[in-house]
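K.L.:
show me how the following folds:
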Amino acid sequence: MLISRGLALVTASLRRCGPRARLHVGQLSAPCSTQSPGALGSTIAPPLWRSTPPIAARSFATDTTLSSSVFDLAQALKAKETTTEDRVAAINALDLGPAVDKEAKERRALELVDSDALAALLGFLQDSDTIASSHLLVPAFLALIRLSTEPLLAQELVRLGAPSILTPFLTQSDPRLQAAACLALGNVALEPIAANVVSSGNVVGAALSVLASPHEAIKRAAATCVANIAGSAQGRRQILEQDGVLLVGELLADDYSEPLRSAAAFALGNMLSGRDIEAQDLLRESGALPALVLLLSPAFAEDMNSSAAWAVHHGVHLNPASQALVAEAGGLALLVQHLASGATEALQTNALLALESAVLSNEENQDWCRENGTVVVLQRVQELEGGELNSNAKRALTGLLGLLD
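P.N.:
Below is the predicted model of the structure:
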């Protein structure tokens, strides 16, 4: 299969898609993802991210032979007489406009739906065996990743059957197409209406298979995709049934880069957000939970600490054996240390959530906290930052002070 120039843009987009700390606290909307369903254990939903590639250098609007209106761009994509070069330019010009103008972005999204531009882009993927379409693959993928950050367009992609069109590319031999498919599918997976489709056995199986890629950037894209599929109960169930905890947990090993380990921890947190006791036990027994406690160390970046705390929060909740392991491995002390050190909002929130999960209904861990100055640290957080904490952090802080009083 021939592939057009511009493949480097896919790899560049991967560098923009490492987990963001602010996503780990149930804040929906994020760069490499927005919106998330659900609930924190009982009250927080797994955080997700939309992936956004860099904008292509050439703008269709600068081409004097073609108009930059959405409908003209869509017509150029579909017209048989349009050259490959002009099709690429038209694809590159398909965007949502300035991010600061929300109303204009929404109008642009509606125009993109009405113009059938999305159907044309998917058509290039379906017809990728032809030489002409093969040159359009990467530009089309980049446009789909870019446009699927808008919920209305992601919903339209679901209606057009995008998940079934994207899934075969997950098993392509070209890693850049695998990455592009992971990022686009991960964005589409954020839409609740996509839950049944993206949580099917073949889609989940294909996404998990990409974790075995020899390329770290591709593994990271796959972890992002899996994390977003885990945003629904159906997705979590299917991922767990296909040994997702073991497959993702392997990426916590110290021979992988910190960004990949952080992405894996983030994905595990989402996968375990249903509080499945068997999955929690598997996390512990496989060695992934001790690895997560290690990643709480301040020797790692705060994004890494935040991702690990998010996974610990869901991985030990009301699980006595897992709570005991966290305490024995020094996890309680590390969480308290982050709370005492003026951490970022994301790390502070996830540390509070993880600490609450580790002590809930566990008298031994509660006693450790009382004997090691945890209450003083929590009271200081309440005094200095209580009014600025987000709702999840406030709830966890209030719960901890009540438990340890």
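K.L.:
so which strand or helix has the residue lying closest to Asn362 once chain neighbours are set aside?
P.N.:
Distance criterion Cβ to Cβ, 6 or more residues apart in numbering; nearest residue to Asn362, sequence neighbours excluded, is Gln323 at 4.7 Å. (Glycine included, C-beta is placed from N, CA and C.) Assigned by DSSP states H and E, Gln323 belongs to helix 320-328.
K.L.:
ok, now Val375?
P.N.:
helix 374-385.
K.L.:
just Gly97 next, same as before
P.N.:
With DSSP H and E as the criterion, the answer for Gly97 is that it lies in no helix or strand.
K.L.:
thinking again about what came up before, can I assume the residue nearest to Asn362 is in contact with Leu355?
P.N.:
No - with contacts counted by Cβ atoms under 8 Å, Gln323 stays clear of Leu355, the gap being 10.8 Å.
K.L.:
right, and the helix or strand after the helix holding Val375?
P.N.:
helix 391-404.
K.L.:
tell me the buried residues in that following helix?
P.N.:
Using 16 or more other Cβ atoms under 10 Å as the test for burial, helix 391-404 gives Asn392, Ala393, Lys394, Arg395, Ala396, Leu397, Thr398, Gly399, Leu400, Leu403, Leu404.
K.L.:
tell me the angle of it relative to helix 374-385?
P.N.:
If you take axes from the mean of the first three to the mean of the last three Cα atoms, to 10 degrees, helix 391-404 sits at 150 degrees to helix 374-385.
K.L.:
C-alpha coordinates for helix 391-404, PDB please?
P.N.:
C-alpha atoms of helix 391-404 as PDB (Å, rounded to 0.1, in the frame of the first residue of the first chain):
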ATOM      1  CA  SER A 391     -15.500  19.100  44.200                       C
ATOM      2  CA  ASN A 392     -13.800  15.600  44.100                       C
ATOM      3  CA  ALA A 393     -10.900  16.800  46.200                       C
ATOM      4  CA  LYS A 394     -13.200  18.500  48.700                       C
ATOM      5  CA  ARG A 395     -15.300  15.300  49.100                       C
ATOM      6  CA  ALA A 396     -12.300  13.100  49.600                       C
ATOM      7  CA  LEU A 397     -10.700  15.600  52.100                       C
ATOM      8  CA  THR A 398     -14.000  15.800  54.100                       C
ATOM      9  CA  GLY A 399     -14.300  12.000  54.100                       C
ATOM     10  CA  LEU A 400     -10.700  11.500  55.300                       C
ATOM     11  CA  LEU A 401     -11.000  14.000  58.100                       C
ATOM     12  CA  GLY A 402     -14.200  12.300  59.200                       C
ATOM     13  CA  LEU A 403     -12.600   8.900  59.100                       C
ATOM     14  CA  LEU A 404      -9.500   9.900  61.000                       C
END
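K.L.:
which strands and helices sit next to it?
P.N.:
helix 345-359, helix 363-371, helix 374-385 (3 or more Cβ pairs under 8 Å, 6 or more residues apart in numbering; DSSP states H and E).
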